[in-house]
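Visitor: Here is my input; please provide its structure:
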Amino acid sequence: MASANDMKAAEATYAGFIKLFKFGAAAVVVVVAIVIALIA
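Guide: Numbers count the residues shown, from 1 in each chain. The predicted structure follows:
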């Protein structure tokens with residue numbers, strides 16, 4: 001099993017990844033909307 005410190009580090013890394021993914025997904029939606037607006 002992983003130690004408690006390893007789990008804390010893993011949870012912090014995971015939380016950061018999820019936050020980055022949410023902002024990244026939102027940015028992709030905005031870019032796609034702009035591209036669709038330009039094409040239409």
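Visitor: where in the protein is pLDDT low?
Guide: Counting by pLDDT under 70, the low-confidence segments of the chain come to 1-2.
Visitor: Spell out the residue ranges of the helices in this structure.
Guide: Assigned by DSSP state H, the helices in the chain fall at 4-39.
Visitor: State the distance from the residue of the chain most remote from its centre to residue 34.
Guide: If you look at how far each residue of the chain sits from its centre, by CA atoms, centre = their mean, the farthest one is residue 40, at 28.8 Å. Between residue 40 and residue 34 the distance is 11 Å, computed by CB to CB, to the nearest Å. From N, CA and C alone the C-beta is placed, and that goes for glycine too.
Visitor: next one: residue 17
Guide: 26 Å.
Visitor: What of residue 6?
Guide: Applying CB to CB, the value for residue 6 to residue 34 is 42 Å.
Visitor: what does residue 25 give?
Guide: Applying CB to CB to residue 25 and residue 34 gives a distance of 15 Å.
Visitor: try residue 19
Guide: Counting by CB to CB, the gap from residue 19 to residue 34 is 23 Å.
Visitor: go on, residue 27?
Guide: On the measure of CB to CB, residue 27 and residue 34 end up 11 Å apart.
Visitor: Same question for residue 10.
Guide: 36 Å.
Visitor: Repeat that for residue 13.
Guide: From residue 13 to residue 34 the distance is 32 Å (CB to CB).
Visitor: same deal with residue 20?
Guide: Residue 20 is 21 Å from residue 34, by CB to CB.
Visitor: Ok, residue 7 next?
Guide: Counting by CB to CB, the gap from residue 7 to residue 34 is 41 Å.
Visitor: cool, residue 26 as well?
Guide: 13 Å.
Visitor: what's the answer for residue 8, then?
Guide: Residue 8 is 40 Å from residue 34, by CB to CB.
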